[in-house]
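Dropping the sequence and predicted coords here.
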Amino acid sequence: MTMKKTALDFWVGLFVVLGFLALLFLALKVGNMSSLSFQPTYTVKMKFDNIGGLKPRAAVKSAGVVVGRVGSIGFDSNTYQALVTIDLDKQYQFPKDSSAKILTSGLLGEQYIGLEPGGDTEMLKSGDTITMTQSAIVLENLIGQFLYSKAADAGGSKPAAASGAAATSGAAAH
C-alpha cells in the first residue's frame with residue numbers, strides 16, 4: 001500500500017511541477033522575455049517620426065538574427081520625434097553609418113527594428129546615435145492613401161470619358 005501511495009505521490013508531484021513549468025514558459029513568452037540574454041550589451045539611440053506599435057523588449061534584428069532588444073521608448077519634445085534606445089549584444093558590432101527601420105513580422109505581426117550595417121570602419125559605441133532611420137509603415141495610413149488615390153482616379157476619369165464621348169458623337173454628326 002505505501003509503495004503504491006509513494007508512486008502515486010511521485011506522479012502527482014511531477015504533473016504539478018510540469019504544470020508550473022508550462023505556466024512559467026507561457027508567462028515568459030507573453031512578456032517577450034523568452035530569449036533573455038545575460039550577455040553584456042551596449043546602448044544605442046535613434047529617433048523616428050512614427051514608431052507605430054513598437055514596444056519595449058521588441059527584437060532588434062540584422063539579417064534575420066536577433067542582435068538586441070528595444071530598451072526604452074520616449075518622446076523628444078525638441079524634435080517632436082520618438083526616441084528609441086536599443087540594447088545590442090556586445091558580440092555584435094555595427095558600423096557607425098548603419099541604418100535602422102521599423103519592420104513588421106508578416107502582414108499584421110509584431111514590430112521590430114531592423115538594422116542594416118553600413119560601410120564605415122569605425123564601430124558604434126555605447127551612447128552613439130543612429131541618424132539614418134525609417135519610420136514604421138502604418139497600415140491605416142496605407143489603406144487611406146489607397147482609397148484616396150482610387151477616389152481621385154475615379155473623379156478624374158469621368159470628365160475625360162465624357163469629353164471623349166462628346167468628341168465621338170460630334171464626329172458622327174459630320
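Everything's here; your move.

tell me, what residue is most central in the protein?
residue 111 (2.0 Å; C-alpha atoms, centre = their mean).

What distance do you get for it to residue 10?
46 Å (C-beta to C-beta, to the nearest Å). Where C-beta positions appear, they are placed from N, C-alpha and C, glycine not excepted.

All the strands of the protein, in order from the start?
All strands of the chain, identified by DSSP state E, fall at 41-48, 59-62, 65-76, 81-89, 99-104, 111-116, 129-130, 132-134.

can you redo those as CSV with distance to residue 151 and mean pLDDT?
Shown next, in CSV, are these (distance: least, C-beta to C-beta, whole Å; pLDDT from 0 to 100):
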stretch, distance to residue 151, mean pLDDT
strand 41-48, 30, 95
strand 59-62, 37, 94
strand 65-76, 34, 94
strand 81-89, 31, 95
strand 99-104, 26, 93
strand 111-116, 29, 94
strand 129-130, 38, 94
strand 132-134, 28, 92
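
I'd like these as CSV, with distance to residue 141 appended.
Compiled in CSV, the strands of the chain are given as follows (distance: least, C-beta to C-beta, whole Å):
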stretch, distance to residue 141
strand 41-48, 14
strand 59-62, 23
strand 65-76, 20
strand 81-89, 16
strand 99-104, 13
strand 111-116, 14
strand 129-130, 24
strand 132-134, 14
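
need the contact list for the closest residue in space to residue 39 that isn't next to it in sequence.
Nearest residue to residue 39, sequence neighbours excluded (C-beta to C-beta, 6 or more residues apart in numbering): residue 89, at 4.6 Å. By C-beta atoms under 8 Å, 6 or more residues apart in numbering, the contact list for residue 89 reads 37, 39, 40, 41, 67, 68.
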